[in-house]
Each structure stands twice: as structure tokens, then as C-alpha cells.
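Novice: Sequence plus the predicted model coming up.
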Amino acid sequence: MPLTITSSAFRDGDAIPTRYTRDGENLSPPLEWRDAPPETKSFVLIVEDPDAPSGTFRHWALYNIPASEAGLSEGASTQGRGGAGEGVNGFRNARYDGPQPPRGHGPHHYHFRLAALDVPRLDLPASAKAEEIWNKAQPHIIAEAEVIGVYKR
């Protein structure tokens, strides 16, 4: 079975509840994954909006997630993740910032992308941007999965 990622907050292709957006409580949604390859040593997660008017906008990057993890609880971004790091997102914050598309811009698709890596950690500075984290992970990806949520204002 291939690596899969899901959320109990929304199904793939469905609307993201306001609670997980900047219009609501701005909590990172709960995520679960399964069927990681046995050689997985860590995970990286990135949340991207390719529908942003200025190009792909990155809302969250979480890296050095231990291979023993099988998900993230609601609000994981605010809970501190032993050993995991958070990259600087498009809002210039080192945390999760949920959807906040321009009003009237139509539906935006938020890609929650999880990658299983063949290394236990990525050595990155605390100031690393989400895009830099994903680029650093590229040569180490052994499996990838995504779940997409939709939000419009």
C-alpha cells in the first residue's frame, strides 16, 4: 500500500472548516497517515495554496517529524513537537497559518503534502522558509502523499 494522509476535519477535495483558517481559530487540522515505507526515518509536511494570485503560497512547513509518528493532533503547530521544526511561511511566521484567500477570488485548494524521508533529520536554520525546507527534502523523499482541502471567502 502506498503512503496515505487524511484528516478527520475534512475529506479530500472538501471544504476546510473555518476553525482551521485565519478567519476562525487558525488551528492546524488533525492529520493522520499510514503505510509509510519501512525505511522511513522522518517526515516533512508542507501546506501550499497554488491558487494564490502571486503564485504558490506556503502556509506551513513542519520537518524532522519522527518516523514513529502516525499523525498530528489538532493545533499541533502550537504544541511544540519534540525535535520537529517549523519553517517560516508566506505570512513570515514559523508556524501554521491557515487559509485566508482574497475575498471574491473563488475557491483555493490547500495541498497538505507529506513526504517520508530516508534521513532522520534535515539540518536547517530556524529561519528556513517553507520552500527551502521542501527543496532540502527532495533528494531524500521515498514516498509522498497529499490531501487537499478547499476554502473560499
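Specialist: Yep, that arrived. Residues are numbered from 1 along each chain as shown.
Novice: C-terminal to whichever helix or strand Ser77 is part of, which secondary structure element comes first?
Specialist: Using DSSP states H and E, Ser77 sits in helix 76-79. Using DSSP H and E, the helix or strand that follows helix 76-79 towards the C-terminus is strand 85-86.
Novice: which helices and strands sit right next to that following strand?
Specialist: Packing partners of strand 85-86 (3 or more C-beta pairs under 8 Å, 6 or more residues apart in numbering; DSSP states H and E): strand 57-66. Using the backbone N, CA and C atoms, a C-beta is placed for each residue, glycine as well.
Novice: dump the residue contacts of Glu39.
Specialist: Counting by C-beta atoms under 8 Å, 6 or more residues apart in numbering, Glu39 touches Asp118, Ile142.
Novice: just the strands in this structure please.
Specialist: With strands called from DSSP state E, the chain shows them at 4-6, 31-34, 42-49, 57-66, 71-72, 85-86, 108-117, 141-151.
Novice: what's the closest of those to Gly13?
Specialist: Relative to Gly13, the nearest member of the strands of the chain by C-beta to C-beta is strand 141-151, separated by 5.9 Å.
Novice: tell me the average confidence for that closest one?
Specialist: When pLDDT is averaged along strand 141-151, the result is 98.
Novice: i'd like the first residue to be 666 from this point on
Specialist: I'll keep to 666 as the first residue from here, and by that count the last item is strand 806-816.
Novice: Which residues in that strand does the neighbour count mark as buried?
Specialist: Ile807, Ala808, Ala810, Glu811, Val812, Ile813, Gly814, Val815, Tyr816 (16 or more other C-beta atoms under 10 Å).
Novice: Relative to Gly736, how far out is Tyr816?
Specialist: Taking C-beta to C-beta, to the nearest Å as the measure, Tyr816 falls 21 Å from Gly736.
Novice: residues contacting Val815?
Specialist: Contacts of Val815 by C-beta under 8 Å, 6+ apart are Gly678, Asp679, Ala680, Ile681, Pro772, His773, His774, Tyr775.
Novice: So which of those residues wins on neighbours?
Specialist: Tyr775 (26 neighbours; other C-beta atoms under 10 Å).
Novice: mind checking pLDDT for that residue?
Specialist: Per-residue pLDDT puts Tyr775 at 98.
Novice: Just give me the neighbour total for Pro731.
Specialist: 15.
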